[in-house]
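> The amino acid sequence is not available; the structure is as follows:
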DNA sequence: GTGAAAGCGCTAACAA
DNA sequence: TTGTTAGCGCTTTCAC
């Protein structure tokens, strides 16, 4: 047949197994297993010998096979809502570092903003990893409960009953935004909402609303918009026609998209309109004009999540990390 | 003891296995296995029955256990040099879509620019996935050969003997850059080099050099620099003191970093200095000024890579994708 | 301290 | 068409 297996073509030699090492070393497989995984349960001599042989044979333990009896793979999965949102960079790096320090390999899976994909990944990876970090999960709480397989799950920027979580303080971030804006003299604010399924969206909107009310400012909600650059034009149009003098976007991606559209329309920012975002992503510092936004300690969050995941956190553990408004050039007094 | 296993705490019921389904359905495990994986090798009646029971018991096949005898996990790994480089976004999306269409789950692993991490991931994931896509691998060719485990491996923006690959046409991209710049009147160009281990770096530099020579322009190489925003200041300093009127950066990350530094120093771009990058990443369109850069069809590349990986590509298959210079505002006639 | 043997959950011959 | 039976490579009792 024309079609043949690549493996066959390259005549790849069967991987070397514990058996091979055992045979070569003249001991039982169980001894090799111990020498390699439980060094102190075997004599120093044997241990050395086995290690030498293993090295010579270039033995590599088969993760999958090891996982079957032990139930552990040494891998942790980080599911991100959208890998193309730079917001997750810090989180990924932080989680990775911490997981690595604990001897785990972190793998990432992109949910592309889709609940279906998210639940699919959750199910398919369930037997392949020792735990999950769900970043900004869009899954309804019922699904979250139902889909949680056998593995521990921790949540980032999402809270749900029975799940440990780490969230950045949207409420306080929103307060800082409102104070900054009203301090500048703005009285009519607009909120450019994110996806309804985004937990943070509700939190931000409610906090924004509460603080606006407290300071006597008016705020209207527009959207929902997809939290992407691409929805910038639609959000800009809505914001512009709302009569607001300052726009608060659900996240930086949307905010930058708005900025781009405003520039196209020659709307001066911040002279004619102020714009604020959330997350302080890659790009917020060099877009035009540089974006005022709510920064959060994403790397710390990543590390904390892994700690919760590996540390047998109480199911209800909830960590709230402080946020800080980074004022750049997209906000100023109303024209 | 205070410390106890989370699994134990939550008293998670043992996952339901094929055995459970078989017992409940009153058939043999092999029948259940077939009914679920080889539907046509079992009678319609049995198939229905087994499916019903499986659904009722909420049976989820254990990927790991399935992988042991079959040797296949249904997962593909995409190793990226640096997950914080938006350059990989398109690649990830393209690869993911194509893999998904073929029934595979794509997992990502971040190598953080480190060869050590890259080889570590390669080894640890070897038994867990059915194949690898290595994006911009920094591994020396000898290591690539040595570390290739049992799984097929395809390369992006890297070529090596015996590995199928997909690369974007750096040579032609470089030609376009040089022609654009010399067409604008530049005679003294500067190349801000990337990591020596980056295969693309050598390609770009040589092509730039060749085309500069062909057009009678002078080009000097500076660096190497780390291909990040953070090395922008160092690269800007080198570029500025080189006397070049146009700078070509190894990639957009570095180019944007340079742009930021030039703005800080109040160097007018492009009036005093032109800047070009490679990749056309997220941000290249909205940095200040918007960056002229070499765009490449990253999503197409992602799809092609998966096709090569799954399609039993000949070990030597090499695909070269066209690039196109996107001219924005960071290039202009020399002052 | 070491070996023999029983699985982990599943697939794939081989029989029936 | 279905059941029986070996394993896949490893860990882990349990004897010795």
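Yep, that arrived. If you're wondering where the values come from, they're calculated on a predicted model, not measured in any experiment. Numbers count the residues shown, from 1 in each chain, chains lettered A, B, ... in the order given.
> Whichever strand or helix holds residue A:34 and DNA strand C in contact?
Assessed by DSSP states H and E, residue A:34 sits inside helix A:29-37. Yes - with Cβ under 7 Å from any atom of the strand as the measure, helix A:29-37 is seen reaching DNA strand C through A:29-31, A:34. Every residue, glycine included, has its C-beta placed from N, CA and C.
> Give me the contacts around that helix.
Contact with helix A:29-37 is made by A:18-19, A:21-22, A:25, A:41-42, A:46-47, A:50-51, A:54, A:61, as judged by Cβ atoms under 8 Å, 6 or more residues apart in numbering or on different chains.
> do stretch A:110-124 as well
So stretch A:110-124 is contacted by A:77, A:79-83, A:109, A:132, A:134, A:137-140, A:143, A:147-149, A:195, A:197, A:226, B:60, B:63, B:74-75, B:92-93, B:96, B:105-106, B:108 (Cβ under 8 Å, 6+ apart).
> do the same with stretch A:55-69
Contacts for stretch A:55-69 (Cβ under 8 Å, 6+ apart): A:15-18, A:20-21, A:24, A:36, A:53, A:72-75, A:128, B:64-65, B:67-68, B:73, B:123-128, B:149.
> Residue A:27: what's it in contact with?
A:46, A:49-50.
> mind redoing it with 7 Å?
A:46, A:50 (Cβ atoms under 7 Å, 6 or more residues apart in numbering or on different chains).
> any idea how far it lies from chain B?
In this structure, residue A:27 and chain B are 23 Å apart, going by Cβ to the nearest Cβ, to the nearest Å.
> tell me the SS of that residue?
coil (DSSP: H, G, I helix; E, B strand; the rest coil).
> Next, give phi and psi for it.
Phi and psi for residue A:27, reported as degrees, to the nearest 10, are phi -130, psi 180.
> next one: residue A:318
Per degrees, to the nearest 10, the backbone of residue A:318 is at phi -130, psi 120.
> where's it relative to DNA strand D, distance?
32 Å (Cβ to the nearest atom of the strand, to the nearest Å).
> Then residue A:222?
Distance, residue A:222 to DNA strand D, using Cβ to the nearest atom of the strand: 56 Å.
> The one helix or strand residue A:155 maps to close to chain B?
Residue A:155 is located in strand A:153-156, with elements delineated by DSSP H and E. No - Strand A:153-156 does not reach chain B (Cβ under 7 Å from any Cβ of the partner chain); its nearest approach is 10.5 Å.
> That strand: what's the following helix or strand?
Counting by DSSP H and E, the next helix or strand C-terminal to strand A:153-156 is strand A:165-168.
> now for that next one, which elements pack on it?
strand A:153-156, helix A:298-310, strand A:318-321 (3 or more Cβ pairs under 7 Å, 6 or more residues apart in numbering or on different chains; DSSP states H and E).
> Out of these, the one nearest residue B:186 is which?
helix A:298-310 (40.3 Å; Cβ to Cβ).
> any residue of that closest one up close to chain B?
No - Helix A:298-310 is not in contact with chain B by Cβ under 7 Å from any Cβ; minimum separation 9.4 Å.
> which residues does the residue sitting nearest the centre point of chain A contact?
Central residue of chain A (Cα atoms, centre = their mean): residue A:135, 3.8 Å from the mean position. Applying Cβ under 7 Å, 6+ apart to residue A:135 gives the contacts A:78-81, A:88, A:91, A:156-157.
> Same question for residue A:302.
By Cβ under 7 Å, 6+ apart, the residues touching residue A:302 are A:90-95, A:98.
> contacting residues around the nearest residue to it once chain neighbours are set aside?
Counting by Cβ to Cβ, 6 or more residues apart in numbering or on different chains, residue A:94 is the residue found nearest to residue A:302 once chain neighbours are left out, at 2.5 Å. Residues near residue A:94 by Cβ under 7 Å, 6+ apart: A:298-303.
> pLDDT score for residue A:335?
On pLDDT, residue A:335 comes in at 82.
> Quick check: residues of the stretch 51-200 of chain A near chain B?
So the stretch 51-200 of chain A meets chain B at A:60, A:62-65, A:67-68, A:75, A:83-84, A:86, A:89, A:92, A:96, A:105, A:107-110, A:121, A:123-124, A:126-128, A:149-150, A:152 (Cβ under 7 Å from any Cβ).
> repeat that with 6 Å
By Cβ under 6 Å from any Cβ of the partner chain, the residues of the stretch 51-200 of chain A that approach chain B are A:62-65, A:67-68, A:83-84, A:89, A:92, A:105, A:107-109, A:124, A:127-128, A:150, A:152.
> where exactly do the strands run in the stretch 201-335 of chain A?
A:218-222, A:246-249, A:274-279, A:292-295, A:318-321, A:324-326 (DSSP state E, counting those that start in this stretch).
> Tell me the pLDDT of the closest residue to residue A:246 other than its chain neighbours.
For residue A:246, ignoring the flanking residues on the chain, the nearest one in space by Cβ to Cβ, 6+ apart is residue A:274 at 3.9 Å. Note for residue A:274: predicted pLDDT of 98.
> Following the record's annotation, map out the domains of chain A.
A:3-61, A:72-168+A:299-320, A:170-297 (automatic domain parsing).
> hang on, the earlier thing: buried among the contacts of residue A:135? Need that as a selection in ChimeraX.
Provided next is the ChimeraX selection string for whichever of those are buried by 16 or more other Cβ atoms under 10 Å in any protein chain shown:
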select /A:78,79,80,81,88,91,156,157
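> The contacts of residue A:135 into JSON lines, with extra columns for pLDDT?
JSON lines is the format used below for the contacts of residue A:135 (pLDDT from 0 to 100):
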{"residue": "A:78", "pLDDT": "98"}
{"residue": "A:79", "pLDDT": "98"}
{"residue": "A:80", "pLDDT": "97"}
{"residue": "A:81", "pLDDT": "95"}
{"residue": "A:88", "pLDDT": "94"}
{"residue": "A:91", "pLDDT": "97"}
{"residue": "A:156", "pLDDT": "98"}
{"residue": "A:157", "pLDDT": "97"}
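> now, which of the contacts of residue A:135 lie within strands?
A:78-80, A:156 (DSSP state E).
> from those, which is closest to DNA strand C?
residue A:79 (22.3 Å; Cβ to the nearest atom of the strand).
> Could I get the contacting residues of that closest one?
A:109, A:111, A:121, A:134 (Cβ atoms under 6 Å, 6 or more residues apart in numbering or on different chains).
> Can you tell me which of those residues has the most neighbours?
The residue in those with the most neighbours, by other Cβ atoms under 10 Å in any protein chain shown, is residue A:134 (28 neighbours).
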